[in-house]
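>>> need a 3D model of the sequence below.
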Amino acid sequence: MEISLKERDNKGFAMAREGTKRAWMMTYSIAGENHIIIDHTEVDPEFKGKNIGKQLLYKIVEMAREKNIKITPLCPFANALFKKLDDIKDVLKS
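Numbering: from 1, shown residues only. Prediction:
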């Protein structure tokens, strides 16, 4: 599984691919120089239950830490993970 992170203009996304098939995608909006909003997560049903969404979130969190960015998780999936995982709460926008 290959996970990549890309940004264009004021949008960004983390995507997981297996070969040429897109498995998961988590999108975010750039809300300012030090703030992003995770707004959507989608999954191919074939890849549900494989912890790939969590890996995508960790990829975005890693990028946020490197750039000193805070995250607002509006997406219900990302929000649920932030509530459950204590090791990523340092990047939450208060």
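>>> now do the helices in the protein.
52-67, 76-84 (DSSP state H).
>>> other SSEs contacting the longest one?
Which is helix 52-67. Counting contacts by 3 or more CB pairs under 8 Å, 6 or more residues apart in numbering; DSSP states H and E, helix 52-67 packs against strand 2-8, strand 11-18, strand 21-32, strand 35-43, strand 70-73, helix 76-84. The way it works is simple: take the backbone N, C-alpha and C, and place the C-beta from them, glycine included.
>>> got the angle between the last one and strand 35-43?
Right, helix 76-84. With axes from the mean of the first three to the mean of the last three CA atoms, to 10 degrees as the criterion, the two stretches helix 76-84 and strand 35-43 enclose an angle of 110 degrees.
>>> with the third one instead?
Between strand 21-32 and strand 35-43, the angle formed by their directions is 160 degrees, by the same axes, to 10 degrees.
>>> averaged pLDDT, stretch 24-43. What do you get?
Taken as a whole, stretch 24-43 carries a mean pLDDT of 96.
>>> quick check: end-to-end length of it?
Stretch 24-43 has an end-to-end distance of 4 Å (CA to CA, to the nearest Å).
>>> show me the contact partners of that stretch.
Taking contacts as CB atoms under 8 Å, 6 or more residues apart in numbering, the residues outside stretch 24-43 that touch it are 7, 10-16, 23, 44, 47, 52-53, 56-57, 60, 64, 67-75, 77-78, 93.
>>> try it again with 6 Å
For stretch 24-43, contacts defined as CB atoms under 6 Å, 6 or more residues apart in numbering pick out 10-16, 52-53, 56, 69-75, 77-78.
>>> what about that stretch, distance to the chain center?
For stretch 24-43, the separation from the chain centroid amounts to 6 Å (computed by CA atoms, centre = their mean, to the nearest Å).
>>> likewise for stretch 19-29?
Once both centres are worked out by CA atoms, centre = their mean, stretch 19-29 turns out to sit 10 Å from its chain's centre.
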